[in-house]
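[1] this one's sequence-less:
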């Protein structure tokens, strides 16, 4: 079974989410470390949403 870009992106999101919870358990949710990882997670999620949206446009 081939790994798609969407699968890879989904894996990256899950890993970043795990990293966020791990860091947040050691720091405040408003700490710079947590905010930075949260922003990285937001970026990955945005890429995922945009890629799904672009796919839907291509197939309509």
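    Sure, I can see it. The model shown is predicted, which means the values in this text are computed figures rather than measured ones.

[2] any idea how far the nearest residue to residue 41 once chain neighbours are set aside is from residue 59?
    Spatial nearest neighbour of residue 41, chain neighbours left out: residue 16 (4.5 Å); criterion: Cβ to Cβ, 6 or more residues apart in numbering. Placement of C-beta: from N, CA and C, glycine included. Per Cβ to Cβ, to the nearest Å, residue 16 is found 28 Å from residue 59.

[3] Give me the more crowded residue out of these two.
    Each of residue 16 and residue 59 has its neighbours counted (other Cβ atoms under 10 Å); residue 16 has more, 18 against 6.

[4] Pretty sure that one sits against residue 43.
    No: with contact defined as Cβ atoms under 8 Å, residue 16 and residue 43 do not form a contacting pair (9.0 Å).

[5] And residue 22, how close does it get to residue 42?
    On the measure of Cβ to Cβ, residue 22 and residue 42 end up 17 Å apart.

[6] so where's this structure uncertain?
    1-3, 58, 60 (pLDDT under 70).
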